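> I would like to see how this sequence folds:
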Amino acid sequence: MQRAFNLAVAQVGGIQPGEDRKAVVARLISLLEASHRRGASFVVYPELTLTTFFPRYWRDDCSALDSYFEREMPNAEVQPLFDRAKALGVGFYLGYAELTPDGRHFNTSILVDSTGAIRGKYRKVHLPGHADRVEDVPAQHLEKRYFEVGDLGFGVFEVDGIRVGMCLCNDRRWPEVYRVLALQGADLVVLGYNTPMEVPGWREEPHAKMETHLLSLRAGAYQNAVWVAAAGKSGDEDGAHLIGGSAVVAPSGEIVARARSEGDEVVVADVDLDLSEPYRQSVFNFAAHRRPENYSLIVDRVGRGDPVPVDFS
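Have a look, this model is predicted:
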């Protein structure tokens, strides 16, 4: 297993509805080439990278949005990205909307190694937003309407000698995600996101929107002794504003690299997987210190409830 390498997060500026996949893939290839020139051997792209963030649109007939979904991967329009990555010997993570042969819809991401082979797939579990139309808002957030809850769980896959776990967007805010991946030996957690400033039912100050995003990455990295790399689709997109903040976080919880803009931008970090070991051997030595017999409420109960009685007599 390789222990040191250069990692890139490829932030993608807003994708407008009239921008077709050919144009988007050309942008992704440009970011891939820029990452390679800077020595990166793996690139993280955002969630739903290939299209505008279509869950902001209400459609009475959900199938009217099927044009935003990929029926196979790679397909003819995305194949040039796979071909260029293989030619450069660069692996990547890519998020997209998946329409399965049996008609199921998922918010999906894949891991591709340096030979162009798909080594892992994830389907988003923590779907945010709502399923019903909300009136008098700038945009909807209809992931619960257009996607099913992912059915693959949280997997860890070996990609070019690195154990990689993945999640998507809202998953990054849930601590259980990082812990499940860390318990499977993940050294690196990669994720893409689209985070709008305006979300129905969720109001934060602008500075807090970025703060909670970065806090989630930092906490997940530190409490699980893993590297975390997050790539966002950002900037102005069809009248909506998506935050930037693409970043790489070390197992110390420190941000080691971060995007400075809200447009197309490559951020590269030198990753040494051995930096996890002091944390794994001490404060976060799971085998020595975890007490799962005391955590059963985490899986026994979904929502908040009354305190569990304790017999302290």
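> And the average pLDDT for stretch 264-275 is what?
For stretch 264-275, mean pLDDT is 98.
> Alpha carbons only: can I get that stretch in PDB?
Taking Å, rounded to 0.1, in the frame of the first residue of the first chain, the C-alpha atoms of stretch 264-275 are listed here in PDB:
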ATOM      1  CA  ASP A 264     -13.200  26.000 -11.500                       C
ATOM      2  CA  GLU A 265     -10.100  25.500  -9.300                       C
ATOM      3  CA  VAL A 266      -7.600  22.700  -8.500                       C
ATOM      4  CA  VAL A 267      -6.300  22.300  -4.900                       C
ATOM      5  CA  VAL A 268      -3.400  19.900  -4.400                       C
ATOM      6  CA  ALA A 269      -2.100  18.500  -1.100                       C
ATOM      7  CA  ASP A 270       0.800  16.200  -0.200                       C
ATOM      8  CA  VAL A 271      -0.800  13.300   1.600                       C
ATOM      9  CA  ASP A 272       1.200  11.100   4.000                       C
ATOM     10  CA  LEU A 273      -1.000   8.300   5.200                       C
ATOM     11  CA  ASP A 274       1.400   7.600   8.100                       C
ATOM     12  CA  LEU A 275       0.300  10.800   9.700                       C
END
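> Residues in contact with it: which ones?
1-13, 27, 30-31, 34-35, 38-40, 162, 187-188, 227, 229, 244, 246-248, 250-252, 256-259 (CB atoms under 8 Å, 6 or more residues apart in numbering). Quick note: C-beta positions are derived from backbone N, CA and C, even for glycine.
> Can you flag the buried ones in those?
The neighbour count (16 or more other CB atoms under 10 Å) marks 5, 7-13, 27, 31, 34-35, 40, 162, 187-188, 227, 229, 244, 246-248, 250-251, 256-259 as buried among the contacts of stretch 264-275.
> now, which of those lie within strands?
Among these, the members found in strands (DSSP state E) are 5, 7-13, 162, 188, 227, 229, 247-248, 256-258.
> how many other residues sit next to Leu183?
15 (other CB atoms under 10 Å).
> That one: what's it in contact with?
Counted by CB under 8 Å, 6+ apart, Leu183 has contacts Phe286.
> The closest residue to Leu7 other than its chain neighbours: helix or strand, and which one exactly?
The shortest distance from Leu7 to any non-neighbouring residue, by CB to CB, 6 or more residues apart in numbering, is to Val271 (4.7 Å). Assessed by DSSP states H and E, Val271 sits inside strand 265-272.
> And for Ala287?
Applying DSSP H and E, one finds Ala287 within helix 286-289.
> Give me the distance from that helix to the chain's centre.
Computed by CA atoms, centre = their mean, to the nearest Å, the chain-centroid distance of helix 286-289 equals 28 Å.
> Just the C-alphas of it, formatted as CSV.
Extracted in CSV, the C-alpha atoms of helix 286-289 (Å, rounded to 0.1, in the frame of the first residue of the first chain):
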residue,chain,number,x,y,z
PHE,A,286,-10.3,1.8,18.5
ALA,A,287,-9.4,-1.7,19.7
ALA,A,288,-8.2,-0.4,23.1
HIS,A,289,-10.7,2.3,23.9
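> and it, what does it pack onto?
Packed against helix 286-289, as judged by 3 or more CB pairs under 8 Å, 6 or more residues apart in numbering; DSSP states H and E, are no other helices or strands.
> And the strands in the stretch 1-150 of the chain?
With DSSP state E, counting those that start in this stretch as the criterion, the stretch 1-150 of the chain has strands at 4-13, 42-44, 91-99, 105-112, 118-123.
> Select, out of those strands, the one closest to Val283.
Val283 sits nearest to strand 4-13 of all the strands of the stretch 1-150 of the chain, at 23.2 Å, using CB to CB.
> now the closest one, how far from the centre of its chain.
13 Å.
> List the neighbouring strands of that strand plus their orientation.
With DSSP bridges as the test, strand 4-13 is paired with strand 42-44 (parallel), strand 227-237 (parallel), strand 265-272 (antiparallel).
> Strand 91-99 and that strand, what's the angle between them?
40 degrees (axes from the mean of the first three to the mean of the last three CA atoms, to 10 degrees).
> so who does the closest residue to Glu70 other than its chain neighbours touch?
Counting by CB to CB, 6+ apart, Glu70 lies nearest to Tyr96, which is 5.1 Å off, once chain neighbours are set aside. Contact analysis of Tyr96 by CB under 8 Å, 6+ apart lists Leu48, Thr49, Leu50, Glu70, Met73, Val78, Thr108, Ser109, Ile110.
> buried subset of those residues?
Applying 16+ other CB under 10 Å to those flags Leu48, Thr49, Leu50, Glu70, Met73, Val78, Thr108, Ser109, Ile110 as buried.
> first to last residue in stretch 293-305, what's the distance?
Stretch 293-305 has an end-to-end distance of 20 Å (CA to CA, to the nearest Å).
> measure stretch 277-284 end to end?
10 Å.
> so how far is that stretch from its chain's centroid?
25 Å.
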